[in-house]
Structures are given as structure tokens and as C-alpha cells.
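Engineer: got a predicted model here, sequence first, then my questions.
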Amino acid sequence: MENTIPCEAPSLSRRQLLNFLTGATVAATAGSALYPIAQFFVPPREVTEGGGILAKDQLGNPIPASQILANPPGTRALIAGLAGEPTYLTVSEDGSLSLRGIVDNCTHLGCTFPWNSNDQQFQCPCHGSLYDQEGKVVRGPAPLPLKIVHVAVKNNAVWIYPWNETDPRTGEQPWWV
């Protein structure tokens, strides 16, 4: 019976055990150190089922509706909207927020620009495009009206949603959809 195979499983040597424990310790330490770093590069999930996000200031802090509504009617507040695009919210004459926000990106070359309250226009300083209060082109070279978004207030939070329906200013399908 010299050709028989022994049934005993080889035992784990002390060196193999120490190598396994060292490797497990290094892996656990590296994993716990790399997890927060990886989470830093993943944007937070604040998008609702309808694609809406919270309106934020330039530092990324949510803006309460009461802060914007403390301004007089006709005031425009610039916030970070969908995909971080600068968006103007308007205080309506009745003291509520307008249900429509206007994205502050020129349709000519994508410049951002201020609201001129004296002329009641959006005025792009780059190439002279002018837009009225609703974001319609008054003077080119901008070929299209400004993009609009839905605005909703829930529990003193301002929510911004994409506008996918017919553009009420033109009566046509929005160019940004």
C-alpha cells in the first residue's frame, strides 16, 4: 500500500497564517482610508424622482424660500439650478415665487450675464444679445430664447425641475429638450 494518498489536509503553517493576517489588516486599513476619498468624488444624490433639485447658493447651501421672498416683488434672485446652471428666480407681484425660472446662459455662446433692473432686460455683455423679462430674444446675435425651468416651493425649500413641455413663450417644443 505504498501508492495510497494521505487523507490528511496539510496544516496551515505559522508563516502562512501571519501573511494572511498581515494582508487582511493592510486591506482593511487601505479600504477604510480610501472609502472617504472615493465618496468625495461622488456627487450627492439630491435629485427627486421628477428630476428636481434643491436651489442652492454659490457655496452649495440650500436657499430657503423665505430668504428669496423677503425681497420686494419683481426682484430676481440668482441661484445654482439644474446641473449647477445659474438660474434667476423672480418674486411675483403677489409675493410668491414665479413658477418659471430663467437659466442665465446666453444662447449665442453660453455667456452668463446680469439682469438689468433699469432696462428690465437680460443683457449679455459679450456680444450684445438682449432678452426681455421672460427670456425671449429682443436683439441678437442670440438665435433662441433662454432656457426655462419649473420652480416649486415645498416646506420652505425651493425645488427646480426641468421644463420638458411646450415653451409658453413660443408655443413650440423647447429647443433644449
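Structural biologist: Perfect, thanks for sending it. Residues are numbered from 1 along each chain as shown.
Engineer: can you pull out the helices in this structure?
Structural biologist: Along the chain, the segments classed as helices by DSSP state H run 14-40, 65-69.
Engineer: pLDDT averaged over the last one - what is it?
Structural biologist: For helix 65-69, the mean per-residue pLDDT is 84.
Engineer: need the phi and psi values for Glu72.
Structural biologist: One correction, residue 72 is Pro, not Glu. Note on Pro72: its backbone torsions stand at phi -70, psi 160 [degrees, to the nearest 10].
Engineer: of all the helices of the chain, which lies closest to Thr170?
Structural biologist: With CB to CB, the closest approach to Thr170 among these belongs to helix 65-69: 27.1 Å. Where you see a C-beta, it was placed from the backbone N, CA and C, and this is true even at glycine.
Engineer: name the residues that touch that closest one?
Structural biologist: Applying CB atoms under 8 Å, 6 or more residues apart in numbering, the set of residues contacting helix 65-69 from outside is 75, 77, 89, 91, 95-97, 153, 156-158.
Engineer: give me the buried entries from the residues you listed.
Structural biologist: 77, 89, 91, 97, 153, 158 (16 or more other CB atoms under 10 Å).
Engineer: got a pLDDT number for the second one?
Structural biologist: Just to be clear, that refers to Leu89. 88.
Engineer: and if you look at the first one?
Structural biologist: For Ala77, the model assigns a pLDDT of 85.
Engineer: in contact with it, which residues?
Structural biologist: Neighbouring residues of Ala77 by CB under 8 Å, 6+ apart: 63, 68, 71, 88-91.
Engineer: returning to what we had before: what's the most buried one of the helices of the chain?
Structural biologist: Among the helices of the chain, helix 65-69 has the highest mean neighbour count (mean count of other CB atoms under 10 Å), at a mean of 16.
Engineer: all good on my end, thank you.
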